[in-house]
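J.: Fold the stuff below for me.
(chains A and B)
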Amino acid sequence: MTSPAAARAAPVPGADWALAFERVSKRYANGVLALDDVSWAIARGARACLLGPNGAGKSTTIRLLQGALQPTHGRVTLLGAEVNGPHYLAARRKTGIVPQEPGMYRDLTTGEYLTLARQLYGRGRDDLARLVDVFGLGEYLDQMLARLSGGYQRRVVLAAALLGEPDLLLLDEPTVGLDPVAAHTVHAYLRSAMEQRTTLLCTHNLAEAEALCEQVVILRAGKVLVQASLEELRAHVHPQLRLAARQGTGPLQAALRQRGLVAEPDDEDDAVLVTVADAARDAPALLRGLLADGLDVYECCAVQVTLESLFLDLVREAGG
Amino acid sequence: MLLSEPVRVLLWKEWREMTRNRGMLLSSTLLPITSMVLAPFSQLYALRSYVGSAPPADLGPIVGMPDGSDPMELLLRFLFPLYVMLAGLLVPSVGSTYTVVGERERRSLELLMILPVRVADILMAKLAAMLLLTGGVLLPLFAIDAVVLLALGIATPGYVGLLLLVLLASIAYSVAVALLLALLARDLRTANYLNGAMLGPLIPVVVAVLGAVPGDWGLVAVSALLLLAGGVALVISLRWLTFERYLA
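T.: Numbers count the residues shown, from 1 in each chain, chains lettered A, B, ... in the order given. Got it, this is the predicted structure:
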């Protein structure tokens, strides 16, 4: 994969960003440098995922946007307002946040928590009633939050995040810890909630990120490794074909070498991966040639470039 | 209006939670009932039963007190202020352990952080809830003390007023310390240790002050000491308390 350096971006001061980091560093009291002079931004209307290995600075990024942390250097803005500045609270009223596995109140009911959120967002009772209906929370309003199942707890948090009719959604691992059925339900709600809204999704779940977002920001060791759209990232990847023959990988690799192609064994099973200029155009001729050589090719398909493979390649390229 | 709209909304939430927690309610009512009513009144009853009868022959002078000290005077000078102070220190510390440190330990603070509020509003609501609880429990108990002391004619209105000052000063000290605890304690067990460490040493200090300063001025000195210590704790808390430290 070639480096998507051209796709990297730094925020332009004054532009209409939904959120922006301008030369932001964050060093904790224990000396750990979580973010190191990072600059990036998300335009209004974009749906971006924030990826990175553990310790890359994702949680710090979300905490900075929440106003829970102060940057050591630089400037963080949310909907045009500097975090913890005079207009920040107004910006927060237009921002919905879904945190990563929050603790739940044992002595507060679902209805009471949502009422608290409604009052703080300054919304009417009708807005709450509508969301309770949308998220199917009606019969759980009198239950203590801690007694709800994980899936319903996430619905409550999502409902609270949407109470302010937000322009921006910050989602921090919204489905972590959920069983597949609950995660599927929450995904459906997220898809609906993200329509027409700027979204930053912080996740380890690359399939989730790929399904919900068009843009990617990858952090590594406190720096922005890549900021680009998924399409831009895919454009930097050379297409590959996956081939398997009854004779095994050795004869197949030899036949491909004779045609000037470099083939590498697929890590997963008895197949090879070969890089071509255009998978759809080159595959038929190549397949015909291999069959003519007497190889019993039983598999020939274009490799789908997933966000997972892009992410792993980028992180490996960057040395980690 | 004294409290801003977000603080009032958050105060309602704190109050709901506190009044549903039976353990906290029991601790914050039984301890002061013991300290402000049962313990001092049982002492008072014993002393009043003793008045008029001859002291036991082998009862020497009270240790640390001059010969001929009046036991009733000692009760008013030392025990009543200590009991009242302890109640004033204990109730806010129970409340703060539950509402400030407990929220941090349960990680339910995240549910507040995602809403459009400031950390100052969250803490102000918690402090207001603590004060409501403390006032709701302690002021009626103090009223009982005051009525009994005045009705029996063993204390002057001036003394009762100074006793109230001690109570208010100890509440102020305890609330300020509660803020410090929010900074220092990561969990309920640590909070309990720190509460003990911050409240325990006060007892011998206060006894020493009451012994050293004559008459009702001892109560004034104790109140001043508590307000000073509380002020120091408050300044340290306000200088250092940020969401970042609270969440750390």
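J.: so residue 231 is in which element?
T.: Went with chain A since none was named. helix A:230-235 (DSSP states H and E).
J.: my bad, the chain I had in mind was chain B
T.: Under the criterion of DSSP H and E, residue B:231 resides in helix B:217-240.
J.: Verify the contact between residue A:237 and residue A:310 for me.
T.: Yes: here residue A:237 reaches residue A:310: they are 6.8 Å apart, a contact under C-beta atoms under 8 Å. For the C-beta atoms, the positions are set from N, CA and C on the backbone; glycine is no exception.
J.: Which one of these two is surrounded by more residues?
T.: residue A:310 (24 against 16; other C-beta atoms under 10 Å in any protein chain shown).
J.: what about the more buried one, distance to chain B?
T.: Residue A:310 is 30 Å from chain B, where distance means C-beta to the nearest C-beta, to the nearest Å.
J.: any idea how far the nearest residue to that residue once chain neighbours are set aside is from residue A:226?
T.: Nearest non-adjacent residue to residue A:310, counting by C-beta to C-beta, 6 or more residues apart in numbering or on different chains: residue A:233, 5.1 Å away. Counting by C-beta to C-beta, to the nearest Å, the separation of residue A:233 from residue A:226 is 7 Å.
J.: between these two, who's got more neighbours?
T.: residue A:226 (26 against 22).
J.: For the more buried one, report the pLDDT, please.
T.: On pLDDT, residue A:226 comes in at 88.
J.: Which of the three states applies to it?
T.: For residue A:226, the assignment made with DSSP: H, G, I helix; E, B strand; the rest coil gives strand.
J.: tell me the secondary structure for the nearest residue to it once chain neighbours are set aside?
T.: Distances taken as C-beta to C-beta, 6+ apart place residue A:218 nearest to residue A:226, at 4.5 Å, with adjacent residues excluded. Following three-state DSSP, we place residue A:218 in the strand state.
J.: and residue A:218, how many neighbours?
T.: 24.
J.: which bits of the stretch 51-200 of chain A sit near chain B?
T.: A:63, A:66-70, A:89, A:92-93, A:95, A:97-99, A:102-108, A:112-113, A:116-117, A:119-121, A:145, A:157, A:160-161, A:164 (C-beta under 8 Å from any C-beta of the partner chain).
J.: Distance of residue A:199 relative to chain B?
T.: Residue A:199 is 15 Å from chain B, where distance means C-beta to the nearest C-beta.
J.: so that residue makes contact with residue A:45?
T.: No: counting by C-beta under 8 Å, residue A:199 does not reach residue A:45; the two are 9.5 Å apart.
J.: Give me the more crowded residue out of these two.
T.: residue A:199 (25 against 12).
J.: The more buried one: what secondary structure?
T.: Per three-state DSSP, residue A:199 ends up strand.
J.: can you tell me which helix in chain B is longest?
T.: As assigned by DSSP state H, the longest helix anywhere in chain B is helix B:119-151.
J.: Local confidence estimate at residue A:158?
T.: In this model, residue A:158 is scored at 92, pLDDT.
J.: returning to what we had before: pull out the buried residues from the helix holding residue A:231.
T.: When burial is assessed from 16 or more other C-beta atoms under 10 Å in any protein chain shown, helix A:230-235 yields the following buried residues: A:230, A:233, A:234.
J.: got the residues of chain B near chain A?
T.: Applying C-beta under 8 Å from any C-beta, one finds that chain B approaches chain A through B:5-6, B:9-10, B:12-13, B:16-18, B:20-21, B:106-111, B:113-118, B:242-244, B:247-248.
J.: residues contacting residue A:67?
T.: Shown in contact with residue A:67 (C-beta atoms under 8 Å, 6 or more residues apart in numbering or on different chains): A:83, A:84, A:88, A:92, B:243.
J.: Output the below-cut-off pLDDT ranges for chain A.
T.: In the predicted model of chain A, residues A:1-15, A:268, A:319-320 satisfy pLDDT under 70.
J.: how about the residue in it that chain B sits nearest to, what does it touch?
T.: Chain A approaches chain B most closely through residue A:103 (3.1 Å), counting by C-beta to the nearest C-beta. Contacts here follow C-beta under 8 Å, 6+ apart; on that basis residue A:103 touches B:106, B:107, B:108, B:109, B:110, B:111.
J.: tell me which element it falls in.
T.: Counting by DSSP H and E, no helix or strand carries residue A:103.
J.: Return the backbone torsion pair for it.
T.: In terms of degrees, to the nearest 10, the main-chain angles of residue A:103 are phi -70, psi 150.
J.: count of residues packed around the closest residue to it other than its chain neighbours?
T.: Nearest non-adjacent residue to residue A:103, counting by C-beta to C-beta, 6+ apart: residue B:107, 3.1 Å away. When neighbours are counted by other C-beta under 10 Å, residue B:107 registers 14.
J.: Go ahead and confirm residue B:107 touches residue A:102.
T.: Yes: look at residue B:107 against residue A:102 with C-beta under 8 Å: they come within range, at 6.2 Å.
J.: Name the residues of the strand or helix carrying residue A:311 that are buried.
T.: Residue A:311 belongs to helix A:307-317 when assigned by DSSP H and E. Using 16+ other C-beta under 10 Å as the test for burial, helix A:307-317 gives A:307, A:310, A:311, A:314, A:315.
J.: So what sits opposite residue A:49 in the bridge?
T.: Taking DSSP bridges as the rule, residue A:49 bridges to residue A:201, residue A:216.
J.: sorry, back to before: now the longest helix of chain B against helix B:217-240, angle please.
T.: Angle, helix B:119-151 to helix B:217-240, by axes from the mean of the first three to the mean of the last three C-alpha atoms, to 10 degrees: 170 degrees.
J.: before we move on, the earlier item: would you turn the contacts of residue A:103 into JSON lines with distance to residue A:250 and pLDDT?
T.: Compiled in JSON lines, these are given as follows (distance: C-beta to C-beta, whole Å; pLDDT from 0 to 100):
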{"residue": "B:106", "distance to residue A:250": "60", "pLDDT": "84"}
{"residue": "B:107", "distance to residue A:250": "56", "pLDDT": "86"}
{"residue": "B:108", "distance to residue A:250": "60", "pLDDT": "90"}
{"residue": "B:109", "distance to residue A:250": "60", "pLDDT": "88"}
{"residue": "B:110", "distance to residue A:250": "56", "pLDDT": "89"}
{"residue": "B:111", "distance to residue A:250": "59", "pLDDT": "93"}
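J.: Okay then, goodbye and thanks.
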